[in-house]
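1. My questions concern the predicted model and sequence given below.
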Amino acid sequence: MLEFRSVCHEIVGVTVLKDVSLEIDDEAFVVLVGANGSGKTTLLRHCNGLLEPTSGAVLVDGTPVHYDLVAARTAVGMVFQHPRDQFVAATIGEDIAFGPENLGLERAEIDDRVTAALDAVRLEGRESDRIDTLSGGEQSRVAIAGALAMEPTHLLLDEPFTGLDEPARRSVLERLESLSQAGTGIVVATHDLRDVVPLADRVVGMRDGQVVIDDRPEAALEALAELDVRVPTEVD
């Protein structure tokens with residue numbers, strides 16, 4: 001479970017998060033929605049210690065993040081808005097292996113995790129491909145695979161559809177649906193709800209650093225129109 005307990009965060013005297021309290025259960029598929037600058041990215045970056053609260057606490061599986069960063073970063077996989085910001089190696093296989101290597105795993109276990117992660121995002125057998133030759137959609141899938149290789153209980157994605165063409169968008173959505181069905185908790189931060197709402201159990205809406213909506217998708221859609229987000233006309 002991810003828990004935010006009265007979390008506030010300030011950057012150079014500006015309050016970005018204001019007393020956010022929220023619980024996200026294991027295996028839930030949550031859409032975190034709000035306009036640019038609403039606090040979505042800042043909130044997610046507290047889950048693996050990239051940011052620390054100015055006040056309040058963030059817990060992963062009952063343990064405050066700052067007590068055990070390795071445990072938090074193992075349990076919570078993060079995929080950034082621009083995947084290339086998180087790549088650390090030249091090839092697909094090397095990049096995906098980086099996280100498990102830092103856990104000190106045996107080589108056989110690392111190789112098994114890389115293979116399984118590539119299978120999950122349909123990039124089987126492409127370990128040697130250079131990342132800088134990939135399309136935007138393929139880079140997004142590599143970023144997801146890198147997070148999956150850590151075998152997280154939660155996968156957090158920040159605006160994962162930015163810059164993707166429709167085939168790439170569909171591919172990422174299919175992977176998220178499959179992962180959710182397999183039991184991985186998913187949190188997608190976005191300002192564009194097209195296609196992702198039917199996958200969600202819950203929609204959390206943010207405005208000015210605060211949670212202003214937290215409801216089932218069907219109930220949340222009507223209220224979301226005032227948050228400056230792209231709201232679908234219907235939910236399948």
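-> Now that the structure is in, tell me what you want to look at. Residues are numbered from 1 along each chain as shown.

2. Quick one: mean pLDDT for stretch 171-187?
-> Mean pLDDT, stretch 171-187: 88.

3. Show me what counts as buried in that stretch.
-> Neighbour-count burial for stretch 171-187, counted by 16 or more other CB atoms under 10 Å, picks out 171-173, 175-176, 179-180, 184-187. Where you see a C-beta, it was placed from the backbone N, CA and C, and this is true even at glycine.

4. Which two among those residues are spaced furthest apart?
-> Ser171 and Gly185 (20.7 Å; CB to CB).

5. circling back: and of the buried residues of stretch 171-187, the nearest to Gly93?
-> Once CB to CB is applied, the member of the buried residues of stretch 171-187 that ends up nearest Gly93 is Arg175, at 18.4 Å.

6. chain center to the lengthiest helix in the chain: distance?
-> If you go by DSSP state H, the chain has its longest helix at helix 166-181. Here helix 166-181 is found 13 Å from its chain centre; the criterion is CA atoms, centre = their mean, to the nearest Å.

7. Next, the residue most central in space within the chain: phi, psi?
-> Closest to where the C-alpha atoms of the chain average out (CA atoms, centre = their mean) is Leu156, at 1.5 Å. The phi and psi torsions at Leu156 (degrees, to the nearest 10) take the values phi -110, psi 130.

8. that older thread, show me what the longest helix of the chain is packed against.
-> Judged by 3 or more CB pairs under 8 Å, 6 or more residues apart in numbering; DSSP states H and E, the packing partners of helix 166-181 are helix 107-120, helix 136-148, strand 154-158, strand 185-190.

9. ok and the last one relative to helix 166-181, angle-wise?
-> Strand 185-190 and helix 166-181 meet at an angle of 150 degrees, taking axes from the mean of the first three to the mean of the last three CA atoms, to 10 degrees as the criterion.
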